[in-house]
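1. Build me a structure from this.
(one chain, ligands or ions: 2)
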Amino acid sequence: MDIQELYSENVRKMKSSEIRELLEVSQQPGVISFGGGLPNTGAFPVGDIKKIVNDVLDEEGDIALQYGTTPGRKKLIEEIISMARKDDIKADIDNVIITVGSQQALDLLGRVFLNEGDTIFLGSPTYLGGINAFRSYGADMIGVPLDDDGMDVDKLEEKIKESRKEGKNLKMIYTIPTFQNPAGVVMSEERRKRIVEIAEENNLLLVEDDPYGKLRFDGKPLKPLKAYDENVVYLGTFSKILSPGFRLAYAIAPEEVTKKMVIAKQSIDLCTPTFTQSIAYRFIKEGYMDRHIPRIIKMYKRKRDLMLEALEEYFPEGCKWTHPHGGMFLWATLPEHIDTKEMFKDAIKEKVAYVHGRAFYVDGGGSNAMRLNFSNPSDEEITEGIKRLGKVIEKKL
Ligand code: PMP
Ligand code: G9A
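-> Ligands and ions are numbered 1, 2, ... in the order given. As a prediction, this is how the structure comes out:
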């Protein structure tokens, strides 16, 4: 039997995620990992969850252990709507779908909107899991450069015009405006307003992926893109503010879009686990979330500062890095001749890991860059790991 011959065209396009593969390498004993975008385990509210789990089982085990509806538990959706309202996002119950992680929402958007060859515009660099989800639907992905103010909207407009001239079928703009993964940068207010107009003028679906917006350490919060335009599809997740193990996230979208996402989700998993939805509902409703987020911010701010200090001390001259005001990552750029993918094996020998820059590009950039996660390592590991990495880089100079 030749199984190879039987595979679908879709599966042939899929690529394994370098971040997911890295998780195995970085879990080797003694390795300090700045690789995966993992929250710190010390930021998991274990005691609170224990108490809530008991309450859920005592008071509504019949619902929490049963199948749920595909859009998600109404009570949780109502809490999500109240949370979103604080960010100036208006939504009704029919605008929200609860998903198994934002990763599932990205996949659902691919199913709902993309035909083979449809064009998407996304950051250069951008979230690898987004690239992989869209790739599996055969998307033609066009990278738009970023700078310290996020995606360059003038370049975006140019690329849209060029693509139209080439007769491409344009569908979507995918962006992470706040504490971007991987670069850690924030899109300026002016660009936020402009990107929403660009999407409207060109009839493109604007997808705002926002896992990190609530993790702001300093500076003034900016309105999400969704607050400027109800047609934006906004993705939020509980992975970074509660627990990624819950696999719980949500999309806020025009009603007709959530309806299609619901139908697409029915054939994937019927519904998001009711048990974790019931826990998350109480976590928000009973005020735990409002107390918990400031604790995470305090911890990650300290870790960001430690990483910046260590970079200053141990990275050789010629390297530079972003100074994020929130989130979980910073982006370091090394002298041009250093290939960070190739350097990775030297880093692992020194027992330190990162994600090489090229993984986040659809068009081959980032060869001398790396993403560094500061949320997961301990304080000591941050200093020691950056010291090790500094030595690895020095050897390449
Ligand atoms: N989008 C972005 C930008 C992310 O960084 C992540 C996780 N690192 C996700 C989506 C997926 O998150 P989850 O599926 O855990 O909600
Ligand atoms: O573990 C994952 O795949 C989620 C983290 C994503 C990232 O590192 O960007």
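2. rest of the way, CA atoms for contacts and neighbours
-> OK.
3. And what about the closest residue to ligand 2 within the stretch 1-150 of the chain, helix, strand or coil?
-> Using C-alpha to the nearest ligand atom, the closest approach of the stretch 1-150 of the chain to ligand 2 is made by Gly37 at 3.3 Å. Classification of Gly37 by DSSP: H, G, I helix; E, B strand; the rest coil places it in coil.
4. tell me the mean pLDDT over the host helix or strand of Asp305?
-> Element membership for Asp305 (DSSP states H and E) is helix 288-314. Mean pLDDT, computed over helix 288-314, is 98.
5. how many neighbours does Leu9 have?
-> Actually, residue 9 is Glu rather than Leu. 11 (other C-alpha atoms under 10 Å).
6. number of nearby residues for the residue of the stretch 1-150 of the chain closest to ligand 2?
-> Gly37 has 23 neighbouring residues, counting by other C-alpha under 10 Å.
7. Name the nearest residue to it, ignoring sequence neighbours.
-> Spatial nearest neighbour of Gly37, excluding adjacent residues (C-alpha to C-alpha, 6 or more residues apart in numbering): Asn373 at 6.1 Å.
8. So which bits of the stretch 1-150 of the chain are right by ligand 2?
-> Ile19, Arg20, Gly36, Gly37 (C-alpha under 6 Å from any ligand atom).
9. so can I have TSV of those residues showing distance to Asp148 and pLDDT?
-> Listed next are these as TSV, based on distance: C-alpha to C-alpha, whole Å; pLDDT from 0 to 100:
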residue	distance to Asp148	pLDDT
Ile19	24	81
Arg20	27	84
Gly36	22	91
Gly37	20	94
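10. of all the residues you listed, which two lie farthest apart?
-> Arg20 and Gly37 (10.0 Å; C-alpha to C-alpha).
11. May I have the secondary structure class of Lys171?
-> Assignment for Lys171 (three-state DSSP): strand.
12. out of all of them, which strand in this structure is the longest?
-> strand 140-147 (DSSP state E).
13. and that strand, which strands flank it?
-> strand 119-124 (parallel), strand 150-151 (antiparallel) (DSSP bridges).
14. so how far is the first one from its chain's centroid?
-> Here the centre of strand 119-124 is set off from its chain's centre by 15 Å, with C-alpha atoms, centre = their mean, to the nearest Å.
15. again, but for stretch 246-256
-> On C-alpha atoms, centre = their mean, the centre of stretch 246-256 falls 14 Å from the chain's centre.
16. And stretch 151-166, by the same measure?
-> Distance, centroid of stretch 151-166 to centroid of chain: 24 Å (C-alpha atoms, centre = their mean).
17. so Ser17 sits right up against Leu128, yeah?
-> Yes: with contacts counted by C-alpha atoms under 8 Å, Ser17 reaches Leu128, the gap being 7.3 Å.
18. Compare those two and say which is more crowded by neighbours.
-> Leu128 (18 against 13).
19. okay, the nearest residue to that one once chain neighbours are set aside: pLDDT?
-> Closest residue in space to Leu128, ignoring its immediate chain neighbours: Phe360 at 5.2 Å, by C-alpha to C-alpha, 6+ apart. Phe360 is assigned a predicted lDDT (pLDDT) of 97.
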